[in-house]
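J.: Can you look at this prediction? I've put the sequence above it.
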Amino acid sequence: MKRKLLKFLLFFIFLLGMKASAQERTVTGVVSAKEDGLPLPGVSVKVKGTNNGVTTGANGAYAIKVPSGVHVLVYTFVGYRTREQNVNARNIDIVLESDVNSLDEVVVAAGGIKRAAREQGYASTRVDGESLTAGKSPTIAGGLAGKVAGLQINAVGSGVNPSYRLVLRGNRSITGNNQALIVLDGAVVPNALLGNLNPDDVDDITILNGASGAALYGSDASNGALIITTKKGKKGTPVIKLSNTTVLEQVSFYPLLQNSFGSGSTSGAQVYDPIENQQYGPAFDGTLKPIGRVLENGTQQYATYSATDDKYDFWDTGVSNQTDFSISAADEKSSTYLSAQYLNGSGTTPKDEYTRIALRYNGSRNFSKNFTANYNASYTQNKYDITSATSTIYNNLLNTPGQIPLLSYKDWQNTSGWGSPDNYYNDYYENPYWAIDNYRQKTQNEYLTGLLELKYKATDWLDFTYRAAISNRYYKNKNSTTGFTYTQYTLDHSAKTNESSGVSDQMLSTSNFSTDFFANIKKDIKDFSINALVGTSLKSYNYKYLNASGSGLQVTDLYNLGNITGTPSADESNYNTRQYGVWADATIGYKKYLFLHLTGRNDWVSVLAPANRSFFYPAADVSFIPTDAFAFLKNSKVIDYMKIRAGISKVGNVNVGNSTNGGAYSLESTFDSQTGYGYGTGYTPNNTLVSNNLKPEITTGYEGGVDFRLYKGLVDGSVTYYNTSSTGQAIVAGVPITTGYSYYLLNTGELTNEGLETALHFTPIRKGDWKLTLGGNYTYNNNKLVSLSNDLTRIGVSNSSTIFGQVGQIYPVIIGSDYIRDPEGRVVVDQNTGYPVGKTEGNILGNTIPKNRLGLDFQLSYKGLTFSGLFEYRSNYVQYSSAGSTYDFSGSSARSAYYNREKFVFPNSSYYDSTTGTYVANNSITVSDGGAGFWTSSSLYSSVTSNYVYSGNYWKLRELALSYKLPSSVLRNVKFIKSVTISAQGRNLFIWMPKSNEYADPDYSNNGADSNAVGITSLSQTPPTRYYGGTISLTF
Amino acid sequence: MTRIMKRLLKLSIILITVFIVQSCKKSYLDINENTNSATSSSPNLVLPAVLNNTASNFITYFNYGAWMAGYQANAGGYSFTGSTFFTYNWNSGTNNGLFNSAFTDLRSYQYIITSTTGVNKYVLYNAVARIMKSYYYQILVDEYGNVPYTEGLAGVDNLTPHYDDAATVYKSLVSEIDAAIKDLQTYGSSSVVNALGSADIVFKGDATKWIKFANNIKLRILTRAQAGTLAAYTTSAFGTFSAEGFLTEDVTINPGYVSTSARQNPLWNTYHSSYTGSNGAYAAQQIPTRWIFSFYNGSKLSDATRGALIYKNYVAGTTPINQLGNETNVSSWISGYPAWYIGVGTALNAPESQGIIKSRVMGQLIMPAAETYFLLAEAALNGHTLAGDAVTNFDNGIKASYNYLQKTGASTTSATNAVLDAYLTAYKTANAGNYLVNYSAASTAAQRLEAIITQKYIALNFVDGYEAWQEYKRTGYPAISGTGATTTFVSLQSSATSADKLPVRNLYPTTEYNLNPNVPTGLSAYTSKIFWDVN
């Protein structure tokens, strides 16, 4: 298949070269739609100023005779912006843009009902399929990053398929879920699907930033919602699309390391040590030095004492290949869309592999004029074959001194080679290549979704919709450890100890089922319009997990629980939650320029006690269009339109559990079981107390804003201000152990958020074949933890000992130790040793969520050529590297060599002069040891949290894409191909960070996508990477 | 077509009706019964589990005590740089396990007490839980002084418990033990209450042994408190022991350890190897001190028999030893052999043996018979007539120590009297004239006390360092001096400012300072002594 594609490509390029330049009287070309690139049949093409015209055929092609002297053709089509084009070639392909951003754009609102944008009194952003896939991100989340005001997307790790955390308008819940709700074709689905749906299947995504618009989706909607609509077959001839994308992944930022010093660990001196992992030895001098121990056979490895690049070259270039196929068709009665995707790739960690298969079927059928059905099903399977010991490997790597020929240890199987664990130079840190093969993880996920929607139109003004949806996940995972038995000689002559083998097997399945039924009433009475919905919905969630593990494999390499020595350990967990709701939604419009929208919903949930089970939440918003209301504005040459909106809402969110248990079984304290002893099974009370009166968290908020478009679409933008307050936080608070318990789950506390979401785009060039659009979005968010419980001022987020909620501060903050400082903020050092005199605990070291976020994008197009890009900037926040102390302990950090391992004056320090009783600036007292004695000392340096807190600010070049759509004239001889697009694109190409960040991508979060304890990076996140590649897309 | 449509319409109406009917039923939401964990339990299920945890947590105190009392030092090949066991540079973040482990187990004991108070059928469970609660509170008081007692362990009912005066707590423990003994006396053999039965993984349901063990703990408490502010109180309390007397056997907890799963004896598991054969956490990192060897190798005392029963390669003279805090030229462990395991065979091939680390499935020793004998000897020395005179108890203590070491594996069979006597005679002969072994050679009360405490210290070697450490704090024995490897067990890197360069207490954990406004402040690890620490 690939070879064929290549042949086609060469053929087209050849044709391009042959392109004629002589003027002709007949102009031909193809008209296609911008949002999906598909040909548009029925477009009117006219010679300007005449009635001379044709319409495009089923394949979007036209041929028009143009009299000489005529310079302009006019293309018009309903729902699209009319375009005029100079006749400057014999072949003119035209792309028509739908009339987006106009107030009558159809947006998806509550219940999956389509509404006109003018009716919406709250902020929403629409991202179309084309924009989503411009950078060819393999996931939807990756494709959205930086594109939407108010939406913060973090890839929380590196690797073959990172998880994403999506938060709208900051954190509302201290310990509960803050991630945006995902609605797929009208049904609420788990967040995990966002990384496992094929982005090419997406027609568009509407982001409802706040609770106002989203309230009807149920209590989770307090976090805002992403409403995803997948593609449907369109009327016309069947369209087949085929594309292939190849992407390379490379390390884009390497932690700052020193390349000057080799093995040694002695304090106060630089002494070479052949078996040492720490890099506090003498400076590299290019001589030949022994490394490791003398082996049993008497041999000794030697290496040139100078820095190699092996630590950098250890990481691979990942390669992934993705093939997409889709076919769609529709007639008067039915539509069909079928798609398939296959992706396989390798990561930057050696031997990490990932594959994904995704299939989708979307269909619809009109059974009669009044009765229609929509149905779709999708299946995604992904497989990981990766190492389970990423952080161990990274740690081993950092503990490999520069002179060690690391890359030569790849072949660890050879028992006489230097890479063999028996012969490996280091006693304490394993050969990373051995670790990669020793610790493996094989995971398979299957996601199955299905949806059926029936619509019955009873009368002109009344219709009914019934919808049922499932979304299931099946997960299998096997972790294996091969283990190693050292020779007796090794055991006797080194600190190496045997590694045991083991296996663990996990299975998990989750099932989400939902049904909705609602009636929609639409009626216009004179100047008033009424659009009302009344509905009920029901959700149920099931979770089952089984895990069994054992150690000590009898037969090597047989990773089966039947092959272990001893007794396997096993555990299971099950969760089941249910919820139903009754809701109503009414929009009353006056003369199409003033709309009042009211909603109310009552939920009943299974996870709360009967007395607290039911809760009601209302919302209201207003939309006003002055440009339609006032005649002087209607005819303005400056303002195309303007919408002013305001909304207020209250939403209850049950946050007593987490995303795994859905809050089930949180109302009662439990007992921990103890099994397997001779006496039988016993129980001890668990360490967590539970309030007997848990309730939902209540978020009340208001927002207001303006959407506008000026100068006939040359400028458009929007501004929104929001303010929310969330009270009755469900918190697992720490309690003193002297109560007998450690934690207490109760409702208490308040968290507020306010911020600004803005977007502005200009089109400075829109002339002839050229078009340039520039703009961006800016988000400001500030929050505050107003209160916790009466006697609590601080809480570890998800029991983190670094990330806290602190009353009166932004949430969350890093709290940790800092040096003792004088009143001027200088570090106080000892007058004799030059060392800091001590540290203080409990200092607030900064907030971990950016206050400012800016996304800047541009798109330049000329004929079939499009060049687009996206930058993102985040600022005003800090991060903490829990790996930082490892860098310093190992002596691989660049900072440990800033002073060339010589005695230095501690920067910005002072000492206490007891005779004058003042702090005197220290310019001369140096630390007693500038080497191992200082940097590895936990009290002097490596356990002082503030040493590893750094600015999280960055600029990123998120996306850059260049695509070329071949002119139709080139394809004239290849009838069966309608269009060909070739593109090159890159993602996360560059990252610019302040000097203080020596460690990692600030988007990373060690605690995973579901944890609110963001702000920590660790060795589990391998160095940040960039992706770049090329795509060929064919439409048949 | 219309027919199909009508049918579908009917179907959807049925579906909707079903859904609405379902949702209106209250039971649809009543699915919040926990299917993963028990939400209620009963004393007979909690008691064995918490006793088992007590045995596991014993290792926390064991390891701390082994460092503090000079039984173990750092081994070669491991970095202990900055370890607070070297520097005694303690703060609120140090040794928190001592505090937290106790309260974790106390939660379960308090659960039994609270849920059985006034429930007659569980009166025996209630009594045992109160004895064990007292056992733990003494551990806490000895290291921390004031602790929440009257308001502690109350869960939601008191989230910021008040701290009680340490001496008052001590007195409360004695009355709690007395009350528990009374219940055991009344109902121990009653058929109207639930028997302890197999839930009692200490004494297999023998209520009389519980009474005697309770007397042991009371004796331990009174012995500790006799010289401080409670002197008068203890003098009279010494006369209140119940008639059942004292338990002069090795008290072990054995939940039925299993050698083929992660349910091995905790001492074996931490100091020897896991059930898969990988090294225990402390197996290779810790070796005996040069100091403790002086009590066996003739430097202070000669005791080759017990030396060889405790230490690997003792006879060959190749046991790795070190002085605490010394980090140069330190011997590594004998690969595969923890210093306190004397069997032949490593990892999974290690068979049962005599000595300290005997077996994967041996019961966990929590109070050796020797300790009871030495407590009785000291009581006799101080004129309290409890059971036998001082010299008999002293000699019995030495014999009991030997007896424990000579037991093989999980066996609880004692050696014959002839064997024990022969050992004692040989020991006395080898140390002829030395009052530390020959009690009758001691000429002053101080020497007699020194002999008793020193022999207790030897008997507790790698058996219960925590108790040895508390007794050192109370009496100053075994005597230390200077900085020599055999004259003191204090770390070479001590930063303690006290006269003997040792701390006198631990500080309350940070979590307590963060969450409980009632926690005492202004304490020093070097000067804020426990009330009974008067020397």
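T.: Good, I have the coordinates.
J.: rest of the way, CA atoms for contacts and neighbours
T.: Will do.
J.: Verify the contact between residue B:320 and residue B:337 for me.
T.: No - Residue B:320 lies out of contact with residue B:337 (C-alpha atoms under 8 Å); the separation is 10.6 Å.
J.: Okay, buried residues for stretch A:409-424 please.
T.: A:409, A:410, A:412, A:417, A:418, A:419, A:420, A:421, A:422, A:423, A:424 (16 or more other C-alpha atoms under 10 Å in any protein chain shown).
J.: go on, stretch A:896-915?
T.: Buried residues in stretch A:896-915, counting neighbours by 16+ other C-alpha under 10 Å, are found at A:896-897, A:900-906, A:909-912.
J.: Reformat these as a markdown table; add distance to chain B and pLDDT.
T.: Output for the buried residues of stretch A:896-915, formatted as a markdown table (distance: C-alpha to the nearest C-alpha, whole Å; pLDDT from 0 to 100):
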| residue | distance to chain B | pLDDT |
| --- | --- | --- |
| A:896 | 19 | 93 |
| A:897 | 21 | 93 |
| A:900 | 23 | 93 |
| A:901 | 20 | 94 |
| A:902 | 21 | 93 |
| A:903 | 21 | 94 |
| A:904 | 22 | 94 |
| A:905 | 23 | 95 |
| A:906 | 21 | 95 |
| A:909 | 24 | 95 |
| A:910 | 25 | 95 |
| A:911 | 22 | 94 |
| A:912 | 22 | 93 |
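J.: In which helix or strand does residue A:541 reside?
T.: Per DSSP states H and E: residue A:541 is located in strand A:528-551.
J.: Would you indicate which residues of that strand are buried?
T.: Neighbour-count burial for strand A:528-551 [16+ other C-alpha under 10 Å]: A:529-545, A:547-551.
J.: in its sheet, what does it sit against?
T.: Strand pairing for strand A:528-551, determined by DSSP bridges: strand A:502-525 (antiparallel), strand A:569-590 (antiparallel).
J.: now the residue nearest the centre of chain B, what's its secondary structure?
T.: For chain B, the residue sitting closest to the mean C-alpha position, by C-alpha atoms, centre = their mean, is residue B:58 at 3.9 Å. Following DSSP: H, G, I helix; E, B strand; the rest coil, residue B:58 is assigned to helix.
J.: if you skip the residues just before and after it, what's nearest to it?
T.: residue B:366 (7.3 Å; C-alpha to C-alpha, 6 or more residues apart in numbering or on different chains).
J.: Was I right to think the residue nearest to the centre of chain B contacts residue B:463?
T.: No - counting by C-alpha under 8 Å, residue B:58 does not reach residue B:463; the two are 10.4 Å apart.
J.: Tell me how many other residues crowd residue A:571.
T.: 11 (other C-alpha atoms under 10 Å in any protein chain shown).
J.: For it, which residues are in contact?
T.: Residues in contact with residue A:571, defined by C-alpha atoms under 8 Å, 6 or more residues apart in numbering or on different chains, are A:546, A:547, A:548.
J.: Which member of those residues is positioned nearest residue A:638?
T.: residue A:546 (64.2 Å; C-alpha to C-alpha).
J.: So in terms of bridging, what pairs with the closest one?
T.: Beta-bridge partners of residue A:546, as defined by DSSP bridges: residue A:507, residue A:572.
J.: ok, so what distance separates it from residue A:191?
T.: 22 Å (C-alpha to C-alpha, to the nearest Å).
J.: How about residue A:427?
T.: 43 Å.
J.: which SSE is residue B:112 in?
T.: Here residue B:112 sits within helix B:96-116, counting by DSSP H and E.
J.: buried residues in the helix or strand following that helix?
T.: Where DSSP H and E defines the elements, the next helix or strand beyond helix B:96-116 is helix B:123-144. For helix B:123-144, burial by neighbour count (16+ other C-alpha under 10 Å) applies to B:123-144.
J.: Tell me what angle helix B:123-144 forms with helix B:96-116.
T.: Between helix B:123-144 and helix B:96-116, the angle comes out at 160 degrees (axes from the mean of the first three to the mean of the last three C-alpha atoms, to 10 degrees).
J.: Moving C-terminal from helix B:123-144, which element do we reach first?
T.: Moving toward the C-terminus from helix B:123-144, the next helix or strand (DSSP H and E) is helix B:166-187.
J.: what lines up beside the helix or strand encompassing residue A:962 in the sheet?
T.: Using DSSP H and E, residue A:962 maps to strand A:954-965. Partners of strand A:954-965 in the sheet, by DSSP bridges, are strand A:865-875 (antiparallel), strand A:979-992 (antiparallel).
J.: Centre of the chain to that strand, how far?
T.: 17 Å (C-alpha atoms, centre = their mean, to the nearest Å).
J.: Return that strand as CSV; C-alpha atoms alone will do.
T.: Listed next in CSV are the C-alpha coordinates belonging to strand A:954-965 (Å, rounded to 0.1, in the frame of the first residue of the first chain):
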residue,chain,number,x,y,z
TYR,A,954,7.0,28.4,29.5
TRP,A,955,6.5,29.2,25.9
LYS,A,956,5.7,26.2,23.7
LEU,A,957,5.4,25.8,20.0
ARG,A,958,2.5,23.4,20.3
GLU,A,959,1.8,22.9,16.6
LEU,A,960,3.2,23.8,13.3
ALA,A,961,1.7,22.4,10.1
LEU,A,962,2.2,22.9,6.4
SER,A,963,-0.2,21.3,4.1
TYR,A,964,-0.7,21.3,0.4
LYS,A,965,-3.8,20.3,-1.4
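J.: Just the buried residues of it, please?
T.: Within strand A:954-965, the residues that count as buried by 16+ other C-alpha under 10 Å are A:954, A:955, A:956, A:957, A:958, A:959, A:960, A:961, A:962, A:963, A:964, A:965.
J.: Tell me where the stretch 601-750 of chain A has helices.
T.: Taking DSSP state H, counting those that start in this stretch, the helices of the stretch 601-750 of chain A run over residues A:626-629, A:631-634.
J.: and of these, who's closest to chain B?
T.: Relative to chain B, the nearest member of these by C-alpha to the nearest C-alpha is helix A:626-629, separated by 41.5 Å.
J.: Just name whatever secondary elements that closest one is in contact with.
T.: Secondary-structure packing of helix A:626-629 (3 or more C-alpha pairs under 8 Å, 6 or more residues apart in numbering or on different chains; DSSP states H and E): helix A:631-634, strand A:639-653.
J.: ok, and what's touching the first one?
T.: Okay, so that is helix A:631-634. A:626, A:627, A:628, A:639, A:640, A:641.
J.: Parallel or antiparallel, list what pairs with the host helix or strand of residue A:303.
T.: Assigned by DSSP H and E, residue A:303 belongs to strand A:301-304. Applying DSSP bridges, strand A:301-304 is found paired with strand A:288-291 (antiparallel).
J.: Now the partner strand: buried residues?
T.: A:289, A:290, A:291.
J.: and what of stretch A:678-693?
T.: Quick answer for stretch A:678-693 (16+ other C-alpha under 10 Å): A:679, A:682, A:683, A:684, A:685, A:686, A:687, A:688, A:689, A:690, A:691.
J.: ok, and of these, which contact chain B?
T.: Counting by C-alpha under 8 Å from any C-alpha of the partner chain, A:679, A:682, A:683, A:684, A:685, A:687, A:689 from the buried residues of stretch A:678-693 sit close to chain B.
J.: Tell me if I'm right that the fourth one and residue B:108 touch.
T.: Read it as residue A:684. Yes - judged on C-alpha under 8 Å, residue A:684 makes contact with residue B:108 at a distance of 5.9 Å.
J.: what residues do those two have in common as contacts?
T.: By the contact definition C-alpha under 8 Å, 6+ apart, residue A:684 and residue B:108 are jointly contacted by B:46, B:50.
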